[in-house]
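Chemist: Sequence first, predicted model second:
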Amino acid sequence: MTLAAPDDDIAPAFPDDAVEVGRVLGAWGIKGGIRVQPFSKSPDALFTSRRWFIRPPEAPATSVGPKTTAVNYPPVLRITHSKAQGDAVVATAQELPDRNAAEAMKGARIFIARSSFPTAGDGEFYWIDLIGLAVVNRQGEPLGEVIGLIDTGAHSVLRVHRPDAPEGASPEASERLIPFVAAFIDDVNLAERRITVDWGLDY
C-alpha cells in the first residue's frame with residue numbers, strides 16, 4: 001500500500017502562459033532570502049503569486065574560458081514572504097533554507113503564470129498583453145504591430161514595427177514610437193487585438 005505525496009511536495013508543471021518577470025540578483029540576508037530584479041516598474045505579480053517558476057540563465061551565444069559547473073535550480077520556488085526593497089524585490093522560499101542555497105540562485109530567471117497576475121485596473125494594461133497587437137489610426141490605416149514598449153519614467157512608449165519596413169532595416173527606419181498616453185491612444189481592444197491611435201502614416 002502506498003500513500004500519495006502531498007500536493008506541496010509535487011512540483012507543478014511549467015505553465016503554458018508563463019511570463020518572464022525578473023531575475024535573481026543574489027542572496028539577501030543570512031536566512032536564505034534572495035534579491036530579485038523585476039522587469040516591471042510595478043512588480044505586483046511577484047507579490048501576489050506564491051509560485052515562482054525557475055529557469056536557468058540564458059547561455060551566451062559564445063563563451064570563452066573554462067566551463068562552469070551546471071547548477072540544478074529548483075523548478076519552482078514556493079514563496080513564503082516577498083516585499084519591495086528599493087528598485088528590487090526581496091523574498092524567501094521554502095526551497096531555500098540558507099544563504100548558500102540563495103547564493104546558488106544568482107542569475108536564475110523567474111516566470112509567473114499570466115493567469116496569476118492581479119487584475120489590471122480600469123484603463124490599465126500589462127505590457128505582455130499589448131505585445132503583438134495591431135495598431136491602426138483613426139482613418140483605419142495600418143501602422144504596424146506592437147513589438148515592445150519603452151518606459152521613459154513619465155510614461156510608456158509603444159514600439160510599433162512598420163508593415164512596409166524593408167527586411168534588415170534599422171530600428172529607426174522600421175519602427176514607429178507612439179506615446180502610450182490618452183492624447184494619442186483612442187482605444188485598446190484586447191479581444192480584437194487592436195489599438196486605435198491618433199497618429200498619421202507620415203509621423
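Modeler: Everything's here; your move. What you see is a predicted model, and the numbers here were worked out from it, not measured in a lab. Numbering: from 1, shown residues only.
Chemist: Spit out the contact partners of Pro56.
Modeler: Ala70, Val71, Tyr73, Gly107, Ala108, Arg109 (CB atoms under 8 Å, 6 or more residues apart in numbering). The way it works is simple: take the backbone N, C-alpha and C, and place the C-beta from them, glycine included.
Chemist: residues in contact with the fifth one?
Modeler: Spelled out, that is Ala108. Arg23, Val24, Ile54, Arg55, Pro56, Pro57, Tyr73.
Chemist: From those, keep the buried residues only.
Modeler: The neighbour-count test (16 or more other CB atoms under 10 Å) marks Arg23, Val24, Ile54, Tyr73 as buried among those.
Chemist: Select from those residues every entry located in helices.
Modeler: Under the assignment DSSP state H, the buried ones among the contacts of Ala108 contribute nothing to helices.
Chemist: Closest one of those residues to Gln85?
Modeler: Nearest to Gln85 among the buried ones among the contacts of Ala108: Val24, at 13.8 Å, using CB to CB.
Chemist: So for Ala4, what's the pLDDT?
Modeler: Ala4 carries a pLDDT value of 36.
Chemist: possible to save the contacts of Pro56 as a markdown table with distance to Gln85, secondary structure and pLDDT?
Modeler: Listed next are the contacts of Pro56 as a markdown table, based on distance: CB to CB, whole Å; DSSP: H, G, I helix; E, B strand; the rest coil; pLDDT from 0 to 100:
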| residue | distance to Gln85 | secondary structure | pLDDT |
| --- | --- | --- | --- |
| Ala70 | 30 | coil | 62 |
| Val71 | 24 | coil | 73 |
| Tyr73 | 22 | coil | 93 |
| Gly107 | 19 | coil | 96 |
| Ala108 | 18 | coil | 97 |
| Arg109 | 20 | strand | 97 |
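Chemist: ranges for the strands of this protein?
Modeler: Using DSSP state E, the strands of the chain run over 18-28, 33-38, 51-55, 76-85, 88-93, 109-113, 134-137, 142-151, 156-161, 175-179, 185-189, 194-197.
Chemist: So for the closest residue in space to Ser82 that isn't next to it in sequence, what's the pLDDT?
Modeler: What sits nearest to Ser82 in space, not counting adjacent residues and going by CB to CB, 6 or more residues apart in numbering, is Ala91, at 3.9 Å. Looking at Ala91, its pLDDT stands at 98.
Chemist: Over to the one 5 residues further on?
Modeler: Reading off the per-residue confidence, Leu96 sits at a pLDDT of 97.
Chemist: quick revisit: list just the nearest of the contacts of Ala108 to Pro38.
Modeler: Closest approach to Pro38 among the contacts of Ala108 (CB to CB): Arg23, at 8.9 Å.
Chemist: Distance check, Lys83 against Leu158.
Modeler: Taking CB to CB, to the nearest Å as the measure, Lys83 falls 31 Å from Leu158.
Chemist: One more: Gly123?
Modeler: Gly123 is 16 Å from Leu158, by CB to CB.
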